[in-house]
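Visitor: sequence? don't have it. structure:
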């Protein structure tokens, strides 16, 4: 039954090609941050420097992402994507060479900043293609769900792959593999011009920017808050296992968390919901909070594994619904811009959550630090509840 629903969306011409290419092009989103940290740490022994360089890439990407997305909406995916991809790949190669040959530290930051500024957001681009193919149909919900599940797969295999390559093969191998995946996957995606959305020239952009739409501001804050939860859970779980003398279990626990989200995303996408989007997102964020709260009470690794599994079930459905809200809130001429605002908001939240959780761990330990993801989920729920009147699109809810 579930497989049948997902098979139906791939009957559209070109859908298998652009979705599979986007999967490869999206691998770097789970590899570049960790890969940069490991590469610099292994080369210099300095965790702090590694974290700041990696954070520079993420923060610059979050800042420039909406501007690039606006260009994509106006000029077209391939027309903007190929030049920005070339600059980003060149900057990542520069970063690897600067670290490898111990060039001045400022060159590391410059390379990371340029790479982040021009990094294509493949996740937003592929969702825009699905929207072009299935807008106004029940298949769009399933397509969004499929891409959310692919995000989970990326985050399950990417960190494992980049850690192995960096620590077991060569210091630059992890970032090198991520750069290769970015170049090959994104190029394969962009050459498929037949399925890309038609560009909307500047004269079509008569309304406000996507971020000026009140509902999009609500979505952005929710995305940042959920990102805080993601970023903090990863850091705190590693610290929790270390405190309990089983640091080698951290990867397994995080895989359980991602696995719960993976399964939930598959099941959620196979059902066509009648609950309106504005109510659905509030209900799902309430579920996120209820399932996250027990993390701070888990007495041991076994209980934590069960809690993380249950918490994971709430993640993919929530992210799928946020993306669906974007599609309903913004005009077609600003769709990619809206998608990027949501994804970069989540990325910014991950960076913030990791930093805040690290500080709390140093001050009070892992058990207390699990209050950070709880706080993030509570903020997301409060924001959605207070801003629900701006989340009611004029069109009917996705069925």
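Guide: That came through, no problem. All values derive from a computational prediction rather than experimental measurement.
Visitor: ranges for the helices of the stretch 101-250 of the chain?
Guide: 105-117, 122-134, 139-164, 173-190, 214-243, 250-269 (DSSP state H, counting those that start in this stretch).
Visitor: these: which one's closest to residue 326?
Guide: Minimum separation from residue 326 across these (C-beta to C-beta) falls at helix 214-243, 6.1 Å. Any C-beta I mention is one placed from the backbone N, CA and C, and that applies to glycine too.
Visitor: helices or strands up against that closest one?
Guide: Applying 3 or more C-beta pairs under 8 Å, 6 or more residues apart in numbering; DSSP states H and E, we find helix 214-243 packed against helix 250-269, helix 277-292, helix 301-312, helix 315-329, helix 335-364, helix 366-369, helix 371-386.
Visitor: among these, which is nearest residue 17?
Guide: helix 335-364 (19.3 Å).
Visitor: tell me which residues of the closest one come out buried.
Guide: Buried residues in helix 335-364, counted by 16 or more other C-beta atoms under 10 Å: 335-358, 360-361.
Visitor: now it and helix 122-134, what's the angle there?
Guide: Going by axes from the mean of the first three to the mean of the last three C-alpha atoms, to 10 degrees, helix 335-364 is angled at 140 degrees with respect to helix 122-134.
Visitor: average model confidence for helix 335-364?
Guide: The pLDDT scores in helix 335-364 average 84.
Visitor: return the distance of it from the chain's centre.
Guide: On the basis of C-alpha atoms, centre = their mean, to the nearest Å, helix 335-364 sits 10 Å off its chain's mean C-alpha point.
Visitor: so that helix versus helix 315-329, what angle?
Guide: 140 degrees.
Visitor: who are the packing partners of helix 335-364?
Guide: Here helix 335-364 touches helix 47-75, helix 122-134, helix 214-243, helix 315-329, helix 366-369, helix 371-386, going by 3+ C-beta pairs under 8 Å, 6+ apart.
Visitor: got a list of contacts for the second one?
Guide: If I follow you right, that is helix 122-134. In this structure, residues lying in contact with helix 122-134 by C-beta atoms under 8 Å, 6 or more residues apart in numbering are 9, 12, 15, 18-19, 22, 25-26, 29, 69, 72, 77, 81, 139-140, 143-144, 147, 151, 185-186, 189, 195-198, 323, 327, 335-336, 339-340, 343.
Visitor: just the buried residues of that helix, please?
Guide: Buried-residue list, helix 122-134, by 16+ other C-beta under 10 Å: 122, 123, 124, 125, 126, 127, 128, 129, 130, 131, 133, 134.
Visitor: give me the angle between it and helix 139-164.
Guide: For helix 122-134 against helix 139-164, the angle by the same axes, to 10 degrees is 160 degrees.
Visitor: pull the distance from helix 122-134 to the chain's centre.
Guide: Offset of helix 122-134 from its chain centre (C-alpha atoms, centre = their mean): 15 Å.
Visitor: ditto for the fifth one
Guide: Centre-to-centre, helix 366-369 and its host chain are 24 Å apart (C-alpha atoms, centre = their mean).
Visitor: cool, stretch 286-301 as well?
Guide: The mean C-alpha position of stretch 286-301 is separated from the chain mean by 22 Å, C-alpha atoms, centre = their mean.
Visitor: residue 244 versus residue 302, what's the distance?
Guide: 10 Å (C-beta to C-beta, to the nearest Å).
Visitor: those two: who's more crowded?
Guide: Neighbours per residue, other C-beta atoms under 10 Å: of residue 302 and residue 244, the larger number sits with residue 244, 14 against 9.
Visitor: pretty sure residue 184 is touching residue 27, no?
Guide: No: assessed by C-beta atoms under 8 Å, residue 184 is found out of contact with residue 27, at 9.9 Å.
Visitor: picking up where we left off before, nearest to residue 288, of the helices and strands packed on helix 335-364?
Guide: Using C-beta to C-beta, the helices and strands packed on helix 335-364 put helix 371-386 closest to residue 288, at 4.7 Å.
Visitor: one step back: and which of the buried residues of helix 122-134 is nearest to residue 375?
Guide: Relative to residue 375, the closest of the buried residues of helix 122-134 is residue 123; by C-beta to C-beta it sits at 25.9 Å.
Visitor: circling back to that earlier point, and residue 184 and residue 27? Which one has more around it.
Guide: Neighbour totals were compared for residue 184 and residue 27, and residue 27 leads with 24 against 14 (other C-beta under 10 Å).
Visitor: need the contact list for the more buried one.
Guide: Going by C-beta under 8 Å, 6+ apart, residue 27 touches 154, 157, 158, 161, 178, 181, 182, 185.
Visitor: which non-adjacent residue is nearest residue 200?
Guide: Excluding its sequence neighbours, the residue lying closest to residue 200 (C-beta to C-beta, 6 or more residues apart in numbering) is residue 333, at 3.7 Å.
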